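Trainee: sequence first, then the predicted structure:
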Amino acid sequence: MKKFNIRKVLDGLTAASSSSSAAAASLQSGNRENDLIQETLQSEHFQLCKTVRHGFPYQPSSMAFDPVQKILAIGTQSGALRLFGRAGVECFCQHESGSAVIQLEFLVNEGALVSALADDSIHLWNLRQKLPAILHSLKFNRERITFCHLPFQSKWLYVGTERGNIHIVNVESFTLSGYVIMWNKAIELSSKTHPGPVVHISDNPMDEGKLLIGFECGIVVLWDLKSKKADYRYSYDEAIHSVAWHHEGKQFVCSHSDGTLTTWNIRAPAKPAQIITPHGKQPKDGKKPEPCKPILKVEYKTTRAGDPFMILCGGLSYDTVGRRPCLTVMHGKSTAVLEMDYPIVDFLTLCETPYPNDFQEPYAVVVLLEKDLVLIDLAQIGYPIFENPYPLSIHESPVTCCEYFADCPAEVIPALYSEGSRQKRQGFSKKEWPISGGNWGQGTLSFSEMIITGHADGSIKFWDASALMLQVLYKLKTAKVFEKPRSKEEKSSTEIVDEDPFAIQILSWCPESRVLCVAGVSAHVIVYRFSKQEVTTEVVQLLEVRMQCELNEVESPECGGEQASAVSTPGTSSSPQTSLPQSHPSSSSNNSSDGLRDNVPCLKVRSSPLKQSPGYQVELLIQLVWVSGEPPQQITSLTVNSAYGLVAFGSGNGLAVVDYLQKTLLVNVSNAELYGSTDPHHRQPHSPRKTRQPSAGLCDGNDASATPEERCKSPTSAKISRKINMIADHKDERRLQRHCSLPGKKQQSSVKEMKKQRTVSFRETSFCDLNARDNSFSRSRSSSVASIDRESREVISSFYFCDWLSKKSETVAVPSLWVGTSLGSMLAIALTVPSTPEQRMQQPVGVSFCGPVVRLKGGILRMAQLDASGILLPHVYESWYEPNAPEEEREQPRRHRLTSPPSSQENPDCQYAVVCSEKQAKVVALPSQNCVYEHNITETSFVLRADVVTMTTGVAIACFCANGHIMTLSLPSLRPLLDVNYLPLTDMRIARTFCFSNQGQALYLTSPTEIQRITYSQETYDNLQEMLGELFTPVETPEAPNRGFFKGLFGGGAQSLDREDLFGEVAAGKASRSLAQHIPGPGGMEGMKGAASGVVGELARARIALDERGQKLGELEERTAAMMASADSFSKHAHDIMLKCKDKKWYQL
């Protein structure tokens, strides 16, 4: 695991270097209150690293399968490798160059993989460790790699090039052999044209000494490796795409660019034995069939008891316009055409034996599509597919938002799984998933984890993310609440987005009560409750909210705007500016007197009865309506609280609070009315409107008219960190309506045209257009308060429900709603919630505006609450109960609230409010509202996401900045504990989906199809090796097929070849040094010392020790030989003396 270079801050140091002098003064004033709080979190509790990556490999380009280990490898266009074993065994690797992986070859049952890249390099990966590493690399300098082939149980890799030559690499040492097959020797001497790149290499299944070489032009050569010459040459008019052998080695099949398949007998090179066009129309007059699309790949697999399988992709007729990509399975006289949802990248046939010279017995086909992985069962009638156990459906619809919940209640996951299991599709193969290699990790985490993803089609998926795995639990379709237009003409003209009107924008979920609240891009909010009983809803409960267009706009003080007329301070009335619930669908046709749309929702609610299965069921639908021709602004913040039964949401116009139990609107106020007479901003009348430029975060990437300062404004109003706002589009629309003097219908069509040009789609392609601007966007932001104040509109950016002490005279905490805005203001609204369930359903909830509490630089991102001892107060909630149970069987809801300790005369403050903005964080004592700690998080960048998280030993603030830094701050003292330059903001997708969770976990969408999980916890980092699964497991290679008595007697079996004698340095010599450069990888001998573990590590260390002692052993052997020679000489000399003296008397000696 790559360990990042982490810049940690010593615990004894304060944040004086990055904090202002005012912060230092506040620290001194707050020492008395905080001396008693002992913080346990230290910098050694944090360590940042990647853990696992889930989802489908983005932009796949190649695939390989180990038939003995049963491991699947997929390469991508960005140089990534994804390895899959059994369910839960996955691994991600990355080539440093980032070049596309063009081919993969397993060293079958050896725990190694060879990858060939588009930058003409080949790499050897060691899979015998939990985190695979590169052992060797070889970079070709003069030729481009086009095809590779590694025979089964061979250490010699054939590499074909664009020039038509074939080089041979020893995969053990990754050195080139001097044996080279040159293209001009392979083709006929009379040929005057170059045959093109090598597109295929394979050895004859029955004779390893015969190599079949396919050139792009249509020439195939059978090369004799021993004699170094071509035995046969086969020529066809059309280009070749692939070649496949019959296992007996007497025939092979070629697929061509005109949609034909040619079958050749190896001893009859004059013409093909058979030519077929699988999808071509056979003319009656005997003419040549009409050409078809190229057959990109063909595989020829035999069975012992039946007809062979011929499997191919492509080859469809050109007149099949609009037909989906197909895989064709030809078995005997039957031909099955299997349509796929996406284009086919590659496919492999899984067979019972790894030996190419035996009956293959195919049992499945792995089909790699551009956005999916499909396994087809060849053994069952109808070719059903296997049920995929991997979480590869994250991108089924583009992900628009994401939330991560670690340490959630244990009973939630089984409940969701129980209801979600009924949603599974039927008709899958009865067999087990055939990719079953590897073993699960031994270590586990002590807490459960969940991920919730919102999608562009309005669906929501719940995922079990425990123990570094990912499994879908439950899927919710929010679009069922609305009427679906049958055609484009029937689309409602009131839609404010042309594509994906049901897309999910924000999620708010209470795990304890299982209440779910979602906000969509069409300015709608839906409240769901979890039930185990099926119900049929005759009429969906609808509440239409008329949020007035903003009467005032914020102008910076230096603009010199006149002070707006005083706005009446909201009183304590329970329903200020409430609009009564509208009946539907009659309100959908309301228009004002001047023809402008008024009181019209963006989506039409379903009029027919809605059958709701067990699981999440609609409790209430809230829709914002058009006001005097102005479309409703998109919702920028959302929260739900089950203890109070309230939902709060805000936009650029203001905020609304809805009682979802009584189905009533409690609060509907503009941003200016939140402040009352204490409004710190200078506001000017909204009408006549001034022409304004669209928000910088959403303007077109090619807009050169915007100044750098305009492009670098604070993104809070656009909610880059959590959601995508389309305020810019509405501004364009209103500007067009204001300046154009067209008839009504014409004007509406022009508006729709402009929306089509300016609408920001939730599909991932829209974010790619902004990438070029994102770099400057994150680097050149202004850090001055004036630039923040210059934002043209104040937006509600965050909410937090809690019980707090608003006054020093109060002794009991009261329910309240904290409101954060994009201009850095935190305001409070006190709530009076009836105490008993009976009163709660009959009496209204009281509302009282308390005004601003604290102001920060930058938009407010997160708020939380600590008790007097610095412990995070959990949100108040109500435990889950069955909402559809009869009244007599229904349990009384239990409200959970953590009461604060009573205040003392010495220290009247017994609570602390934690507020984090784009620029700084503050800790405010309550109820005195004194700022006791302050820390400037960043001066040159801005915070995209901030969360107050619970660690094993304490509480911290976790922040992700636009410059790529991930930081943690202790609470309540705001000491920096971690600061890592991890990931620069290269894609808006990352900013939109990045989220922290408890216990040091975080995630983001690293591509449109993949979720990357990371940890910033030292404890998880230390246990990561144990939790990761193992790819390689010791398995015996199956026995080779029996040659039989007569084949062994008459030489009819497979012919082996000693490739060492042909390709070794002794026989072939050394290759040119300028041809390729050998690069030792980090996973080589030195890397193995620290990377390998277990038995593999012991073997590696033993090999290293043998290499180091080899010289000593050689010297010992030479010394032993010398001693033996001396002993022989002494023995001979003694024997000669004995013979000389044996006949003499003793006195003659």
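Mentor: Yep, that arrived. Numbering: from 1, shown residues only.
Trainee: W433 belongs to a strand, doesn't it?
Mentor: No. With DSSP: H, G, I helix; E, B strand; the rest coil as the criterion, W433 is located in coil rather than a strand.
Trainee: got the phi and psi for the residue nearest to L823 when sequence neighbours are not counted?
Mentor: Computed as C-beta to C-beta, 6 or more residues apart in numbering, the closest residue to L823 that is not its neighbour in sequence is E794, at 5.0 Å. For glycine as for every other residue, the C-beta is placed from the backbone atoms N, C-alpha and C. Main-chain torsions, E794, degrees, to the nearest 10: phi -90, psi 130.
Trainee: how much space between E794 and V819?
Mentor: According to C-beta to C-beta, to the nearest Å, E794 stands 11 Å off from V819.
Trainee: identify the bridge partners of the closest residue to Q471 other than its chain neighbours.
Mentor: Once flanking residues are discounted, Q471 sits nearest to D464: 4.7 Å by C-beta to C-beta, 6+ apart. Bridge pairing for D464 (DSSP bridges) gives the partners M450, Q471.
Trainee: show me what contacts D464?
Mentor: Shown in contact with D464 (C-beta atoms under 8 Å, 6 or more residues apart in numbering): 413, 416-417, 448-450, 470-473.
Trainee: neighbour-wise, which one of the residues you listed leads?
Mentor: Sorting these by how many neighbours each has (other C-beta atoms under 10 Å) puts E449 first, at 25 neighbours.
Trainee: which non-adjacent residue is nearest that one?
Mentor: A465 is the one closest to E449 (C-beta to C-beta, 6+ apart), at 4.1 Å.
Trainee: cool, P398 as well?
Mentor: The spatial neighbour of P398 that comes closest, neighbours along the chain excluded (C-beta to C-beta, 6+ apart), is A456 at 4.4 Å.
Trainee: so the one you found makes contact with A503?
Mentor: Yes. A456 is within contact range of A503, at 4.5 Å (criterion: C-beta atoms under 8 Å).
Trainee: the two: which is more packed in?
Mentor: A503 (26 against 20).
Trainee: how about the contacts made by the more buried one?
Mentor: So A503 contacts 400, 454-458, 497, 520-521, 762 (C-beta under 8 Å, 6+ apart).
Trainee: do S62 as well
Mentor: 74-75, 101-104, 345-346.
Trainee: how many neighbours does Q38 have?
Mentor: Q38, neighbours per other C-beta under 10 Å, totals 9.
Trainee: then L468?
Mentor: Using other C-beta under 10 Å, L468 has 23 other residues around it.
Trainee: distance of it relative to A1068?
Mentor: 47 Å.
Trainee: G55 touches L392, doesn't it?
Mentor: Yes. Under the criterion of C-beta under 8 Å, G55 makes contact with L392 at 6.5 Å.
Trainee: of these two, which one has the most company?
Mentor: G55 (23 against 20).
Trainee: what's the closest non-adjacent residue to that one?
Mentor: Closest to G55 by C-beta to C-beta, 6+ apart is E1010, at 3.8 Å.
Trainee: next one, pLDDT for the nearest residue to V853 once chain neighbours are set aside please.
Mentor: Spatial nearest neighbour of V853, chain neighbours left out: M826 (4.9 Å); criterion: C-beta to C-beta, 6+ apart. M826 is assigned a predicted lDDT (pLDDT) of 94.
Trainee: so which residues of the stretch 251-400 of the chain form helices?
Mentor: Assigned by DSSP state H, counting those that start in this stretch, the stretch 251-400 of the chain shows no helices.
Trainee: poorly predicted segments of it, please.
Mentor: The model of the stretch 251-400 of the chain has pLDDT under 70 over residues 284-286, 320.
Trainee: can you pull out the strands in it?
Mentor: 251-256, 261-265, 274-276, 295-301, 309-314, 326-331, 334-339, 344-351, 362-369, 373-377, 399-406 (DSSP state E, counting those that start in this stretch).
Trainee: where does the nearest residue to P609 once chain neighbours are set aside land on pLDDT?
Mentor: In space, and not counting its chain neighbours, P609 is closest to E538: 5.1 Å by C-beta to C-beta, 6+ apart. Confidence at E538, expressed as pLDDT, is 90.
Trainee: what's the neighbour count on E538?
Mentor: Neighbour tally, E538, other C-beta under 10 Å: 7.
Trainee: okay, now the sheet partners of the helix or strand encompassing E934, with direction.
Mentor: Under the criterion of DSSP states H and E, E934 resides in strand 930-936. Sheet pairing of strand 930-936 (DSSP bridges) gives strand 920-926 (antiparallel).
Trainee: any idea of the mean pLDDT for the strand it pairs with?
Mentor: For strand 920-926, mean pLDDT is 94.
Trainee: hmm, who's touching that strand?
Mentor: Against strand 920-926 from outside (C-beta under 8 Å, 6+ apart): 30, 33, 804-805, 853-854, 856-858, 866, 909-915, 930-937, 946, 957, 969, 971-974.
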